[in-house]
Structure formats: structure tokens, C-alpha cells
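1. Could you work out the structure for the sequence below:
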Amino acid sequence: MQRAGNLDFDSQEIKQYIRALKEIDFEPAYLALLTCEGLKPLSRWEKPLDNYGLGLLHQTGLLTKQIQRTVKTGKVVIETIFSTSFGYIQLYEKRFAGTPIDKSAQTQRFEGFLFGFPPCCVDEYIRHPYAKNDLSPEEQKILFHWACTNCKITPLLLPAYKSTYDLLNSF
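-> Sure thing, here's the model as predicted:
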């Protein structure tokens, strides 16, 4: 099935790459599809990927970078970021490489922008994390942001997210 994004999902080769990513973990495979489809400008998997996993992402047309960060204990963590745009990779790397992970409002707003989260959802999450919203648990679980109360943007995104989620489950 040809879709709006860059991938030809009828291609056996593309299906093979996506299946292999899914075998590593469902989440990076799902994030990769959302990013390839243009639904997310940049994605982050909060774990490192080996060369095989990075190669699979490259085979789907994504640019990748592994970013070192630290947590409060000083432990170094590796994040894997990927995008179709080098600019988003550069923005993330410039702002976050070698820095401690923090949850400041400024950081959450910048990450929200990079990851394609609706600004209204980011703002409400900063003020009231996990506030009750109008989504079903099934709808909320396929998103990577917490939808805000009475959101006008998330319901417009949900059909595309659901279609991508269902596509991945069919592989």
C-alpha cells in the first residue's frame, strides 16, 4: 500500500526492515513508521541501538544519531534519535548532547516541538501532568504525548496514528 510518506509498504524489502525493527522492540519500529510518514519530525528511543538496529533505521530512509546524556545519579544514558531531516537531528544534538536529562518547562516545550506534540497538550502537561482527557485508553496508548482536555489537534492526528499502528501490527 502506497501512503503519504516516503515508504512503499508493498515492498518486501521495506516490510523486512520494519519486521526486523519490530523484533528488536515494537516502540522503535512504531516511532520509525510515524517519523517516515511525517507524523513526527523527530523521534527518540530512550535506549541505544546497535549497528544492526541503526542500519535498519537507515534502510527506511531515516537519519540517526546516538546522544549521550546523564541522569541525576551521574549515570550516562544513550538515546537514539532519528528523523528524515538533518536539521531536527542537529537541533536536538546541539541542545541536549552531554547534558543532564531534565523535565523543565523549557525543555518539555522544546522537546514537544521537536517530537511533533500539540503545543496545547505540552502546556497542559507541564501544568497538570496526566490530567483527565476525552480519549479512550486505547487511543491514548498509541500516542507519544498526553492529550490535553478538549484537545482540538489530537483528534485530527489519531486516525493517522491508528492507521500506522495497525499497519505495524499487520507486519
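
2. Tell me which helix or strand in the protein has the weakest average pLDDT.
-> helix 12-24 (a mean of 94; mean pLDDT, DSSP states H and E).

3. Following it in sequence, what is the next regular element?
-> Helices and strands here follow DSSP states H and E; after helix 12-24, the next one along the chain is helix 26-36.

4. which residues are contacting whichever helix or strand comes after that following helix?
-> The C-terminal neighbour of helix 26-36 among helices and strands, as given by DSSP H and E, is strand 42-45. Here strand 42-45 makes contact (CB atoms under 8 Å, 6 or more residues apart in numbering) with 25, 27-28, 31-32, 34-35, 79-83, 85, 88-89, 91-92, 114-116, 144. All C-beta atoms are positioned from the backbone trio N, CA, C, and that covers glycine.

5. try 6 Å
-> Pro28, Leu31, Thr35, Glu79, Thr80, Ile81, Phe82, Ser83, Tyr88, Leu114, Phe115 (CB atoms under 6 Å, 6 or more residues apart in numbering).
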